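S.K.: One predicted model, sequence on top.
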Amino acid sequence: YVILMVLLGLHSIFYEIQNNPRKSFSHPTDSCQTCNCNNGTVRCQHRPCPFEPCSHPITRDCCRTCERMHPHLLGSQHEIKTLFLSTAFNCSFFPAGCLYQDRERANGETWNDPSDPCTVCVCQHGSVRCERKRCPDSNCNHPCLHPVPSGTCCPECDSCLYEGVVHSNGHTFTSLSNPCERCTCFRGTVSCGPLNCPLTRCERPVLEPGECCPHCTDSRESCLYQGTMYKSDEQWEVDECTSCTCVSGDVHCRSQRCPAFSCAPVS
């Protein structure tokens with residue numbers, strides 16, 4: 001037998017160690033401490049406990065532990081299923097928190113995953129659940145989805161895929177299926193309308209097969225002058241001294257020439 005005298009606090013206690021002088025043994029007055037003797041020196045330390053990520057842990061078997069829920073009554077803490085009496089009570093429950101990547105999270109807390117900003121995590125009663133952010137449905141009629149830009153999570157619809165061709169935002173183009181339509185891409189949506197044809201200045205314009213706009217085939221085109229349409233070879237007076245004629249779509253005007261005066265100069 002090896003008998004050692006150890007001074008712990010205000011108590012002097014004898015420890016008797018049998019067989020192995022380095023054998024661990026419990027503290028005689030604190031069952032939560034474990035002691036061992038090494039070269040005549042006794043060292044005691046608190047028994048290691050696992051980390052419990054909850055806001056209101058309880059102490060059980062020397063360690064703080066988390067129950068599924070901990071009722072809290074007017075400042076007093078009770079274990080779950082504990083029966084107690086109160087004349088007036090107001091119980092609230094504190095679900096367990098979560099430990100995620102060495103950081104404690106409160107129950108119900110949500111956060112973005114540091115390694116993936118597109119992933120959202122939530123703590124629910126001690127368990128962490130993570131999922132990718134849900135992207136809204138595209139409201140584009142002709143979307144062309146590019147790779148997700150850096151720092152964002154959802155694809156952007158900023159161009160148009162129309163008739164197998166990608167068009168940039170704001171681009172105006174002619175439809176491949178209908179050359180008489182002009183189309184415009186705006187934020188993933190293509191809108192088309194009929195081609196604007198120039199005004200014809202003949203009585204009987206002709207629309208050729210495969211063409212979108214009619215044109216004049218003869219030389220007798222009309223003339224548009226100051227908002228009025230005149231037929232070919234038609235004449236009109238602009239004022240008392242000026243007259244015009246429509247010649248195959250062109251307006252020719254002539255001012256009347258006045259004869260020279262033969263008056264004697266005024267003295």
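M.R.: It's in.

S.K.: so where's this structure shaky on pLDDT?
M.R.: Scanning the chain for pLDDT under 70 picks out 1-23, 51-60, 64, 66-96, 138-139, 143-152, 155-156, 217-220, 266-267.

S.K.: Return the set of buried residues in the top strand by length along it.
M.R.: Across the chain, the longest stretch assigned as strand under DSSP state E is strand 116-124. Neighbour-count burial for strand 116-124 flags V120, C121, V122, C123 (criterion: 16 or more other C-beta atoms under 10 Å). Every C-beta, even on glycine, is put in place using the N, C-alpha and C of the backbone.

S.K.: Next SSE downstream of it?
M.R.: strand 127-132 (DSSP states H and E).

S.K.: Can you give the strand pairings for that next one, parallel or anti for each?
M.R.: Looking at strand 127-132 with DSSP bridges, its partner strands are strand 116-124 (antiparallel).

S.K.: Pairing partners for whatever helix or strand C35 lives in, with directions?
M.R.: Element membership for C35, per DSSP H and E: strand 33-38. Strand 33-38 pairs in its sheet with strand 25-26 (antiparallel), strand 41-46 (antiparallel), by DSSP bridges.

S.K.: can I get these in TSV with distance to E237?
M.R.: Below are the strands paired with strand 33-38 laid out as TSV (distance: least, C-beta to C-beta, whole Å):
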stretch	distance to E237
strand 25-26	128
strand 41-46	118
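
S.K.: Return the most buried member of these.
M.R.: strand 25-26 (a mean of 14; mean count of other C-beta atoms under 10 Å).

S.K.: Quick one: residues in contact with the longest strand of the chain.
M.R.: Residues from elsewhere that reach strand 116-124 (C-beta atoms under 8 Å, 6 or more residues apart in numbering): 95, 97-98, 100, 105-113, 128-133, 151, 153.

S.K.: Among those, name the ones in strands.
M.R.: Those of those lying in strands (DSSP E): 95, 98, 100, 105, 110-113, 128-132.

S.K.: could you flag which of these are buried?
M.R.: Buried by 16+ other C-beta under 10 Å: P95, C98, Y100, R105, D113, V128, out of those.

S.K.: Please identify which of those is nearest to C241.
M.R.: Comparing these against C241 with C-beta to C-beta places D113 closest, at 87.4 Å.

S.K.: and the nearest residue to S175 once chain neighbours are set aside, what are its bridge partners?
M.R.: Distances taken as C-beta to C-beta, 6 or more residues apart in numbering put E181 closest to S175, at 4.1 Å, once the chain neighbours are dropped. In this entry, E181 is beta-bridged to P194, by DSSP bridges.

S.K.: Next: the one 4 residues further on.
M.R.: Residues found in beta-bridge contact with C185 (criterion: DSSP bridges) are V190.

S.K.: I'd guessed it sits against S175; true?
M.R.: No: if you go by C-beta atoms under 8 Å, C185 and S175 don't touch, sitting 11.9 Å apart.

S.K.: When those two are compared, which one has more neighbours?
M.R.: The residue with more neighbours, out of C185 and S175, is C185; 24 against 15, by other C-beta atoms under 10 Å.

S.K.: How about the contacts made by the more buried one?
M.R.: C185 sits next to H142, S159, C160, Y162, H167, S168, N169, G170, H171, F173 when contact means C-beta under 8 Å, 6+ apart.

S.K.: Among these, name the buried ones.
M.R.: Buried subset of those (neighbour count, 16+ other C-beta under 10 Å): H142, S159, C160, Y162, H167, F173.

S.K.: Between these, which sits nearest Q45?
M.R.: The nearest one, if we look at the buried ones among the contacts of C185 relative to Q45 and count by C-beta to C-beta, is S159, at 66.9 Å.

S.K.: still on that earlier bit, among the contacts of C185, which are located in strands?
M.R.: Those of these lying in strands (DSSP E): S159, C160, Y162, H167, S168, F173.
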